[in-house]
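Participant: sequence unknown, structure follows:
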């Protein structure tokens, strides 16, 4: 019976990894809070997992007494509604598959409790949209453990909106969809990770003491109060999505870069038009923005683009050939960045380090069973 | 002949003062650069001249060999196109009046050269929209010296857009107008300066080393590049103008205050949506904004409102009864303001001092001939 147990284990413990993505056409505002349906489509670049990734192990076992989750070494509340939404949806698909007779051994874990263990290989405090990689990895791993295949981005979306884009590699659009049940609000790959090998992404990580306002409540207030956000979503973004998809397909860096910068700025403009206003850009962000514009002006060519999300990190896009110079220019100016201490109302920000990244693939199944984050008794390993 | 000369002098030297105004529905963007016709209407509060004003003396004399102008003690270029536009328009009206026979001695100075001397009683570096008060005062003084009466705001507008609003006291709207010649793009008083005696305006003056980008070129770039600015001008502002006029007429501070803050934020949002983006708000501005929102939240009542123009000063509106506490709160937080030194790309800002002001009247004629800024030989007095 020892051999049988091993086979069971093999099928009922799965480890996967998933990537971080950076939106170049931004998502800001939901039309449905529960299903996480956005007011506009968005487009992102999936970052390579060699430096930034989430790893998740999911195990099911007859011997587990309750569902449990550990995130970055700490047990968290498994009853969190968004976590439950993902779990429920994957299990529903698994039951459907079993009923349809299209699943074999894989769905055997269904009646059992589940243990989930997830870690990021980068500090959560770095503010690198870890929830997107986290929920993408969770959904991908759960699907694997329950033997579910097919379109999974609509499930990841219910964990965290932008997580649906982390379900694919390369350049990914999240189509907003029209249906009220959200079935058509899914991610699609625009171009694979091999499409534009020269593209480089420089993530300048700032240590943020705290985020002034979280993106969930921030975008809710924006939807309720910003006159400009609705216009952006209804009128501006549809055209930009088309232009951006073309720019990606043509590998047209100047167009890609200019749209990226304009869309980042417009997102922050709608934050400022929110009442009370939301500020994510600070004096360091302003400095990075000015630096990029001056760099491009100097060469009379758009060689670099910035993008800022609802946090302090600056993301710079450029082509491989400009990296040595651009990194030099940034490092020169980083030495000028003063530590800010504006009283308790402001988070302190100092640029700490940067990642130099390429475009990368979507979630991956980890073959090597020594990489599991859960031990054979279903508890987190020390390394997790 | 000595007596005759004195009479001539009396009629051909005029001194006037004009006020600064603060827009609560902002003007940003021209549809005609030469005539200074705006893309939206705006509304402002005229500040009392007891603390902030421009004083201008205009003299005409047969003995003057050329037109000359001195601003704040320094001779400036009289051929400046906007200055010439004002001079030309007033002289055209004067000739028209003389032709119609409706003018007597007053227009006698018409064939002569003109000397203009103008001073502000506040530092130009304070960034207090001195061009609005300056051009309003110029046009008002020229009209007086040439015996021109009637609607003059459309002429002041051609000197500096917002100058048309400084031609009236109290609460003033600048109606954008429809005509291509700009004849209907004029200022009108919404309510006189006596209408809302409890209203107070606190101007927090920041010493700016330099403005990152001037408003003339800034608004031009915004009109060319911001998708959101056009929507603001066409769709948002018309409704806000109506609401603001009602709020002023009803002396409804919470509505007045909320619209003021929203409109200031939306103006800065369109600056951020400009490409390349324009930043007028910095970390000190963000602090003032947060402070006002927290102050209002604490009392669960909108007791104060902020407004920021294309410069570093914060303008706070409140009612007289809240002034002692609000000044105390601000002074408490001013002590936390650090002097910023972000390298050469950023202007340094430290709050220096504040003005506590009331709503005030429009341009005034100065009866007292000892207040002239030009001597009997037409040159600036030492005090000017």
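Facilitator: That came through fine. From a predicted model like this one, the values you see are computed outputs, not experimental measurements.
Participant: can you give me the helices for chain A?
Facilitator: For chain A, the helices defined by DSSP state H occupy A:2-12, A:81-99, A:130-145, A:153-157, A:215-225, A:227-231, A:237-249, A:253-272, A:283-299, A:323-334.
Participant: among the ones you listed, which is nearest residue B:71?
Facilitator: Comparison of those against residue B:71 by CB to CB identifies helix A:283-299 as nearest, at 31.2 Å. Where you see a C-beta, it was placed from the backbone N, CA and C, and this is true even at glycine.
Participant: quick one: contacts for residue A:249?
Facilitator: Neighbour list for residue A:249: A:190, A:191 [criterion: CB atoms under 8 Å, 6 or more residues apart in numbering or on different chains].
Participant: mind redoing it with 10 Å?
Facilitator: Counting by CB atoms under 10 Å, 6 or more residues apart in numbering or on different chains, residue A:249 touches A:171, A:190, A:191, A:195, A:196.
Participant: columns mean pLDDT on top of the helices of chain A, output as JSON lines?
Facilitator: Converted to JSON lines, the helices of chain A look like this (pLDDT from 0 to 100):
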{"stretch": "helix A:2-12", "mean pLDDT": "51"}
{"stretch": "helix A:81-99", "mean pLDDT": "93"}
{"stretch": "helix A:130-145", "mean pLDDT": "95"}
{"stretch": "helix A:153-157", "mean pLDDT": "98"}
{"stretch": "helix A:215-225", "mean pLDDT": "94"}
{"stretch": "helix A:227-231", "mean pLDDT": "97"}
{"stretch": "helix A:237-249", "mean pLDDT": "98"}
{"stretch": "helix A:253-272", "mean pLDDT": "98"}
{"stretch": "helix A:283-299", "mean pLDDT": "92"}
{"stretch": "helix A:323-334", "mean pLDDT": "85"}
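Participant: show me what the residue lying closest to residue A:191 once chain neighbours are set aside is bridged to.
Facilitator: Among residues not flanking residue A:191 along the chain, residue A:171 sits closest, at 4.5 Å (CB to CB, 6 or more residues apart in numbering or on different chains). Beta bridges link residue A:171 to residue A:45, residue A:191 when assigned by DSSP bridges.
Participant: residue A:171 contacts residue A:201, doesn't it?
Facilitator: No. The pair residue A:171 / residue A:201 is not scored as a contact, 12.0 Å apart, by CB atoms under 10 Å.
Participant: of the two, who's got more company?
Facilitator: Taking neighbours as other CB atoms under 10 Å in any protein chain shown, residue A:171 and residue A:201 compare with residue A:171 leading, 27 against 21.
Participant: from residue A:47, how far out is that one?
Facilitator: 12 Å (CB to CB, to the nearest Å).
Participant: anything in contact with each of those two?
Facilitator: Contacts common to residue A:171 and residue A:47, judged by CB under 10 Å, 6+ apart, are A:21, A:193, A:359.
Participant: which residue ranges make up each domain of chain A?
Facilitator: As assigned by automatic domain parsing, chain A contains the domains A:1-193+A:362-384, A:196-358.
Participant: can you list the ones you listed in a markdown table and add distance to residue B:244?
Facilitator: Output for the domains of chain A, formatted as a markdown table (distance: least, CB to CB, whole Å):
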| stretch | distance to residue B:244 |
| --- | --- |
| domain A:1-193+A:362-384 | 27 |
| domain A:196-358 | 15 |
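Participant: I'd like to know how many residues surround residue A:81.
Facilitator: Neighbour tally, residue A:81, other CB under 10 Å: 9.
Participant: contacting residues for it?
Facilitator: A:34, A:88, A:158.
Participant: that older thread, make TSV from the helices of chain A and add distance to residue B:326 to it.
Facilitator: Output for these, formatted as TSV (distance: least, CB to CB, whole Å):
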stretch	distance to residue B:326
helix A:2-12	65
helix A:81-99	42
helix A:130-145	40
helix A:153-157	46
helix A:215-225	24
helix A:227-231	28
helix A:237-249	41
helix A:253-272	24
helix A:283-299	26
helix A:323-334	38
